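> the sequence and its predicted three-dimensional model are supplied below.
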Amino acid sequence: MSITEALIRRGKELHLLGFSVGECRFIVETFELVWPDFFCEWGTNVGNSARYFHETRVLLGLDCVMHSVEGVDNIPILRVEEEGMVRGQHVLDVPVGLHIGIGVEVALDLYAASGKSRPLFFLDGQHDDASVTVEIESIHSACPEGAMLLHDAQPSWTYPGPWLAAMRWLKTHPGYEAAETEAGKKGF
Ligand SMILES: C[S@@+](CC[C@H](N)C(=O)[O-])C[C@H]1O[C@@H](n2cnc3c(N)ncnc32)[C@H](O)[C@@H]1O
């Protein structure tokens, strides 16, 4: 069984909100490419994506610290508690550090203190162009070695912000390489 197939199977066993086959393959390939020793995502929500990333780390035998950040009151946040769920509920039993704050700021602080050198950031908080642009710019200036994975980066998706921000960034920063998948309805 391939790592991607094993990841899909783990997602089903854990009753995660499924990433598509294409999205799972893209996660695995990104981890194999970057081989991160530091990973931080935002926002946490119920911890669905965080659990997929944790399972990928386990399947690859990767030595990588993982963190997940959920927003604060002064930014629009989804209150999972109101839906009868628990923030980060899918990663409460595995080593993923949970934090509250402004995702990109907390992530960069954690990375600066980590002593690691191969960071991977997963951007899945606000989905508007301006917010994602600020996040990409912040990572670029504080941590030019950082790799970024953007969720919902499809022009046709309900929230085209991540795609717009990424495309504009790539046009003005030719040093960056991008890979994308259109497999799955949302895309990375
Ligand atoms: C699309 S959901 C993320 C889903 C989650 N990754 C999962 O797979 O379960 C977006 C989440 O980002 C949070 N959020 C929005 N802006 C944020 C920010 N600047 N920093 C951290 N979290 C943020 C929202 O409250 C919401 O829980």
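That came through, no problem. Numbers count the residues shown, from 1 in each chain.
> now the helices for this structure?
For the chain, the helices defined by DSSP state H occupy 3-13, 21-34, 48-60, 103-114, 129-142, 161-172.
> pLDDT below threshold where in the chain?
Applying pLDDT under 70 to the chain flags residues 181-187.
> repeat that with 50
184 (pLDDT under 50).
> for the ligand, what are the nearby residues on it?
42-43, 45-49, 69-71, 75, 77-78, 102-103, 124-126 (CB under 6 Å from any ligand atom). In short, each C-beta sits where N, CA and C put it, glycine included.
> what about 8 Å?
By CB under 8 Å from any ligand atom, the residues of the chain that approach the ligand are 17, 41-50, 52, 68-72, 75-80, 87, 90, 101-104, 106, 122, 124-127, 131, 135, 151-152.
> from the rest of the structure, what touches stretch 130-139?
103-105, 107-108, 121, 123, 125-126, 146, 148, 150, 161-162, 165-166, 168-169 (CB atoms under 8 Å, 6 or more residues apart in numbering).
> now, of the residues of the chain next to the ligand, which are buried?
41-50, 52, 68-71, 77, 80, 87, 90, 101-104, 106, 122, 124-127, 131, 135, 151-152 (16 or more other CB atoms under 10 Å).
> residue in this structure with the shortest distance to the ligand?
G43 (2.2 Å; CB to the nearest ligand atom).
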